[in-house]
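*Asks:* Test case, fold it:
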Amino acid sequence: MTMEQAGGAANESWRAQLGDWVGRKETRHDVAHAWPVAALAATLDRNEPELMSGNAAGAAIPLGWHWLYFLDAKPASELGPDGHPRRGGFLPPIPLPRRMWAGGRLEFARPLRVGETIRRESEIVSIESKQGRSGALVFVTVRHLVHAGGALAVREEHDIVYRDMPRANEPMPAGKPAPAHAPWRREIQADPVLLFRFSALTFNGHRIHYDLDYATREEHYPGLVVHGPLQTILMLDLCRRQQASRPVRTLDYRAVHPIFHTERFTVNGHPGVDGSSAELWTANAAGSYAMTGAVAFA
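*Replies:* As a prediction, this is how the structure comes out:
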């Protein structure tokens, strides 16, 4: 699809065609099994004996790790060329080829616990078309309510953006410089093993995270892309390392620039004066913002 075609697809008549998807709902059921939790703890290089032992039943699962569950296991014959399920199931069939994790808002009422039966109720709450400098953009917001033990545990709004492919050799937009120093700071190597393991744990088939030929030749990235949810989990993990006694109550986050497997990146935090909040961000090797976030602590 050309940019001109994409622009035409994003007009009012096309948006009206997608109106049927607003309000669409689905419910999924799962069990908060121990193995994915132990595997993610190992992937993040956490020493978590209570989560990595064979007797983890009842242990609190770190916040944000609900993304290990309710996974979409479509047959291989139902996948698109990018590795995602083909368009037109629960999510609308938006005719723009690049689908990206744009950000979201999370509210944690309580942690999930290993062994619990859990339920997720999802609803598409909005679809918005825009025209950006690089062409058509469509934003889809999905609300998820995760229940455990008969009560609401997580309220989430997830923003997804659809856009056209960039032209070959089109330069990557310049990033916005992030603070060079932060009271909370970790440095991480975004190597292919980390990205592969996280893709496997979340059953994310998007090829930009593990297929270098596809990422560079088809989507014109300079390398494999670090997952948005991985960066979000690392920001929550930073809070847990720094303020273990005060769990995160809410997180509002936004992806602003990609990070690639060829670089070391940082996860950063600047707590508020009274310790009840913090500004969070990830930064690429050049020191530019990649994801920004704001948390409030319980």
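
*Asks:* can we go C-alpha only for contacts and neighbour counts from here?
*Replies:* OK.

*Asks:* where do the strands sit along the stretch 101-250 of the chain?
*Replies:* 117-132, 135-148, 151-163, 184-189, 248-255 (DSSP state E, counting those that start in this stretch).

*Asks:* and His66, helix, strand or coil?
*Replies:* helix (DSSP: H, G, I helix; E, B strand; the rest coil).

*Asks:* Could you report the separation of the residue nearest to it when sequence neighbours are not counted from Pro36?
*Replies:* Spatial nearest neighbour of His66, chain neighbours left out: Leu112 (7.5 Å); criterion: CA to CA, 6 or more residues apart in numbering. Leu112 is 13 Å from Pro36, where distance means CA to CA, to the nearest Å.

*Asks:* Those two - which one has more neighbours?
*Replies:* More crowded of Leu112 and Pro36, by other CA atoms under 10 Å: Leu112, with 27 against 18.

*Asks:* correct me, but the more buried one touches Ala60?
*Replies:* Yes: here Leu112 reaches Ala60: they are 6.0 Å apart, a contact under CA atoms under 8 Å.

*Asks:* can you pull out the helices in this structure?
*Replies:* 3-9, 12-17, 34-43, 49-52, 192-201, 212-213, 228-242 (DSSP state H).

*Asks:* how about TSV for those helices, with distance to Gly275 and mean pLDDT added?
*Replies:* Below are the helices of the chain laid out as TSV (distance: least, CA to CA, whole Å; pLDDT from 0 to 100):
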stretch	distance to Gly275	mean pLDDT
helix 3-9	46	44
helix 12-17	44	61
helix 34-43	26	94
helix 49-52	27	82
helix 192-201	31	96
helix 212-213	42	96
helix 228-242	11	96
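
*Asks:* Ok, which of those helices comes nearest Tyr253?
*Replies:* helix 228-242 (7.6 Å; CA to CA).

*Asks:* Tell me the buried residues in that closest one?
*Replies:* 228-240 (16 or more other CA atoms under 10 Å).

*Asks:* Show the low-confidence segments of the stretch 1-150 of the chain, by residue range.
*Replies:* The stretch 1-150 of the chain contains residues with pLDDT under 70 at 1-16, 54, 133-134.

*Asks:* rewinding a little: compare the helices of the chain and give me the one nearest Ala180.
*Replies:* Per CA to CA, nearest to Ala180 of the helices of the chain: helix 228-242, 16.9 Å.

*Asks:* Turn the helices of the chain into TSV, columns for distance to His158.
*Replies:* Formatted as TSV, those follow (distance: least, CA to CA, whole Å):
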stretch	distance to His158
helix 3-9	23
helix 12-17	20
helix 34-43	21
helix 49-52	27
helix 192-201	18
helix 212-213	27
helix 228-242	10
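
*Asks:* how close does Pro111 sit to Ala32?
*Replies:* 11 Å.

*Asks:* Please disregard the earlier target; I meant Val193.
*Replies:* For Val193, the distance to Ala32 - CA to CA - is 25 Å.

*Asks:* follow-up on the earlier one: please compare Pro111 and Ala32 by neighbour count and tell me which comes out ahead.
*Replies:* Ala32 (25 against 18).
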